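Student: got a predicted model here, sequence first, then my questions.
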Amino acid sequence: MHAPLAKKQGAGHPRPGTQDLATALPLLCGATIKSLVRCRLGGCDRGMDYQNSQIAKIYDHANSRARDTDFYLSLAGVRPCSVLDLGCGTGLLCCALAERGHRVTGVDPAAAMLAVARRKPHAEQVEWVESSAQSYRARRRFDLIVMTGHAFQILLTDADALAVFETMRGHLKEGGRVAFETRNPRVDWAGEWAGRVRTLPGGQVLETLEITGEDGEFISFQTSYRLSHGTLTTSSTLRFSPREHVAALIARAGLVVREVFGEWDAGRFDPARSREIIFIAELAG
Ligand SMILES: C[S@@+](CC[C@H](N)C(=O)[O-])C[C@H]1O[C@@H](n2cnc3c(N)ncnc32)[C@H](O)[C@@H]1O
């Protein structure tokens, strides 16, 4: 997940409908709502509560399109191919891929996120599947399998990460590629995110972040959205694994790392300076 939503902040073009957040959130009109929504995604996933329809409706306002989308679009290339997007969320990338003629399957366990995705232009060209990445199974094989928006960091245990890599390996064509990113743990993310306040595009929602815990590779935080008639609060924990550890899990799943980038312009990963660790992997052997 985008944790503190930094990834898409302030870059690229805002997603459609950004101006009309009040209309998008009718549930919050006329009543004071102070809700503490907690993760109900099951298992060890403790990301933001993407099953909550209000969180899902805010998501695109807090995460406008940015350079990561262009990176994944360029990986898919210009010739139509088959793409599996695990943790597709509100479907920004899926719909952009479909618009370019690719055959796309978007998988996400949160029905509320998929409901937002299904309303986007080109959504009718995408196959939407409500499932976790760990348990997704299909007979088809794909040319490209991605997991974007730091969704990988929602996987808090090695067992969950391995299960996702096994899904990837089992659905990859010969010669196909897997791509996903995780944040470089060498960056002081908690320091950057602590106390962050920003007004979301449209000016109607104030987002605040509070770090609630740091424990080894894990950072927990609370995100609050103040709307005109109430405040919505959600708690999250993300894992920040080092490159070597993720690479070892990839190898255990029968994949091999081909490239590791540290920037969305495909700059090489530099442990001391890069913010992202972007893995490109293929079938081993
Ligand atoms: C930060 S959002 C990223 C969405 C999208 N990939 C993007 O870049 O905007 C994280 C998404 O991961 C989904 N998710 C959570 N646990 C998951 C799991 N075990 N398997 C697949 N997706 C999961 C959430 O429902 C949410 O839609």
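Tutor: Good, I have the coordinates. Numbering: from 1, shown residues only.
Student: for whichever strand or helix holds Ala248, name the packing helices and strands.
Tutor: Assigned by DSSP states H and E, Ala248 belongs to helix 243-252. Contact partners of helix 243-252 among helices and strands, from 3 or more CB pairs under 8 Å, 6 or more residues apart in numbering; DSSP states H and E: helix 158-170, strand 255-261, strand 276-283. (Glycine included, C-beta is placed from N, CA and C.)
Student: number of nearby residues for the closest residue to the ligand within the stretch 101-250 of the chain?
Tutor: Shortest the stretch 101-250 of the chain-to-the ligand distance, computed as CB to the nearest ligand atom: residue-wise this is Gly149, at 2.3 Å. For Gly149, the neighbour count with other CB atoms under 10 Å is 28.
Student: on that earlier part again, make a markdown table out of the helices and strands packed on helix 243-252 and add mean pLDDT.
Tutor: Output for the helices and strands packed on helix 243-252, formatted as a markdown table (pLDDT from 0 to 100):
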| stretch | mean pLDDT |
| --- | --- |
| helix 158-170 | 98 |
| strand 255-261 | 98 |
| strand 276-283 | 98 |
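Student: of all these, which lies closest to Thr234?
Tutor: Closest approach to Thr234 among the helices and strands packed on helix 243-252 (CB to CB): helix 158-170, 20.1 Å.
Student: what about this structure, any weak spots by pLDDT?
Tutor: 1-47 (pLDDT under 70).
Student: hmm, back to that, just give me how far the helix holding Ala248 sits from the chain centre.
Tutor: Averaged C-alpha coordinates place helix 243-252 at 20 Å from its chain's average position (CA atoms, centre = their mean, to the nearest Å).
Student: kindly report the same for stretch 186-196.
Tutor: On CA atoms, centre = their mean, the centre of stretch 186-196 falls 19 Å from that of its chain.
Student: output that stretch as CSV, nothing but the C-alphas.
Tutor: In CSV, the C-alpha atoms belonging to stretch 186-196 read as follows (Å, rounded to 0.1, in the frame of the first residue of the first chain):
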residue,chain,number,x,y,z
ARG,A,186,17.5,2.8,4.7
VAL,A,187,15.3,5.9,4.2
ASP,A,188,13.9,7.4,7.5
TRP,A,189,10.2,6.9,6.5
ALA,A,190,8.8,7.3,10.0
GLY,A,191,10.7,10.6,10.3
GLU,A,192,9.4,11.8,7.0
TRP,A,193,5.8,10.8,7.7
ALA,A,194,5.5,11.8,11.3
GLY,A,195,2.9,14.5,11.8
ARG,A,196,2.4,15.0,8.0
